[in-house]
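A.B. asks: take a look and give me a structure for this.
(chains A and B)
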Amino acid sequence: GAVVSQHPSRVICKSGTSVKIECRSLDFQATTMFWYRQFPKQSLMLMATSNEGSKATYEQGVEKDKFLINHASLTLSTLTVTSAHPEDSSFYICSASVHRWGEQFFGPGTRLTVL
Amino acid sequence: KQEVTQIPAALSVPEGENLVLNCSFTDSAIYNLQWFRQDPGKGLTSLLLIQSSQREQTSGRLNASLDKSSGRSTLYIAASQPGDSATYLCAAATQGGSEKLVFGKGTKLTVNP
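C.D. replies: Predicted coordinates:
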């Protein structure tokens, strides 16, 4: 149980394009989903927290207009990187929890490379 | 602001050895502390979660302890195997209205056959 999937696992795009990453909780309903990014040899940094049906809460320094998050249902959250640039290249990982304070279950991550 | 530190950054041991990974956190007001495993290019696998009211958790060859007063947690791996080679991350869930997990940078473990 508690499986979280991400799609795609890898994406390569040209600078200036937008990329959408999906995060799904497969066998449970996730009230809260989290988006992290991880640079090489660095730890995970929380980008934003989203609750189903409401706007995401972004961490300081994360541009909400660049990283659009939609938590449309209890099993799906999407992260759209708009007008991606090479510095956005990173490993993006989502997690989901049944309730706000609950254990977070992590997806397998998405490797984004912007050329 | 919560900060999580993991020492050492890398560790190499021979197969069969028992080992301890360390995690320290600056704010003792945590909700829980989790240990994860991350294989190269992969997501996180949860290993153990210790609630703030608990002192330790065990799963198979893994044992994690939590000492809130000293701001420390340890992950003990018994009889290490080459398959245990991975990066181990600890993360503290902070209280105070935040459900955030603050991660350490991890300890990269290599178990040599």
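
A.B. asks: helices of the chain, residue ranges please.
C.D. replies: No chain specified, so I'll use chain A. In chain A, no segments count as helices under DSSP state H.

A.B. asks: flag every residue of it that's near chain B.
C.D. replies: A:6, A:32, A:34, A:41-46, A:49, A:91, A:93, A:95, A:97, A:100-101, A:103-109, A:111 (CB under 8 Å from any CB of the partner chain). Bear in mind the C-beta positions are built from the backbone N, C-alpha and C, glycine included.

A.B. asks: from those residues, which land in strands?
C.D. replies: Using DSSP state E, the subset of these located in strands is A:6, A:32, A:34, A:44-46, A:49, A:91, A:93, A:95, A:97, A:105-106, A:111.

A.B. asks: need those residues in a markdown table (columns: neighbour count).
C.D. replies: Shown next, in a markdown table, are these (neighbours: other CB atoms under 10 Å in any protein chain shown):
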| residue | neighbour count |
| --- | --- |
| A:Q6 | 19 |
| A:T32 | 21 |
| A:F34 | 25 |
| A:L44 | 28 |
| A:M45 | 16 |
| A:L46 | 20 |
| A:T49 | 21 |
| A:F91 | 19 |
| A:I93 | 25 |
| A:S95 | 26 |
| A:S97 | 21 |
| A:F105 | 23 |
| A:F106 | 24 |
| A:R111 | 15 |
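
A.B. asks: adding distance to B:K42, write these out as a markdown table.
C.D. replies: Output for these, formatted as a markdown table (distance: CB to CB, whole Å):
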| residue | distance to B:K42 |
| --- | --- |
| A:Q6 | 11 |
| A:T32 | 23 |
| A:F34 | 18 |
| A:L44 | 13 |
| A:M45 | 18 |
| A:L46 | 19 |
| A:T49 | 23 |
| A:F91 | 9 |
| A:I93 | 10 |
| A:S95 | 14 |
| A:S97 | 20 |
| A:F105 | 14 |
| A:F106 | 10 |
| A:R111 | 10 |
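
A.B. asks: show me the strands in chain B, by range?
C.D. replies: Using DSSP E, strands in chain B cover B:4-7, B:10-14, B:19-25, B:30-38, B:44-51, B:56-59, B:62-67, B:72-77, B:86-94, B:101-103, B:107-112.

A.B. asks: okay, these in JSON lines with mean neighbour count and distance to chain A next?
C.D. replies: JSON lines is the format used below for those (neighbours: other CB atoms under 10 Å in any protein chain shown; distance: least, CB to the nearest CB, whole Å):
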{"stretch": "strand B:4-7", "mean neighbour count": "18", "distance to chain A": "8"}
{"stretch": "strand B:10-14", "mean neighbour count": "12", "distance to chain A": "10"}
{"stretch": "strand B:19-25", "mean neighbour count": "19", "distance to chain A": "12"}
{"stretch": "strand B:30-38", "mean neighbour count": "21", "distance to chain A": "6"}
{"stretch": "strand B:44-51", "mean neighbour count": "19", "distance to chain A": "4"}
{"stretch": "strand B:56-59", "mean neighbour count": "14", "distance to chain A": "12"}
{"stretch": "strand B:62-67", "mean neighbour count": "19", "distance to chain A": "14"}
{"stretch": "strand B:72-77", "mean neighbour count": "20", "distance to chain A": "15"}
{"stretch": "strand B:86-94", "mean neighbour count": "24", "distance to chain A": "7"}
{"stretch": "strand B:101-103", "mean neighbour count": "23", "distance to chain A": "4"}
{"stretch": "strand B:107-112", "mean neighbour count": "17", "distance to chain A": "9"}
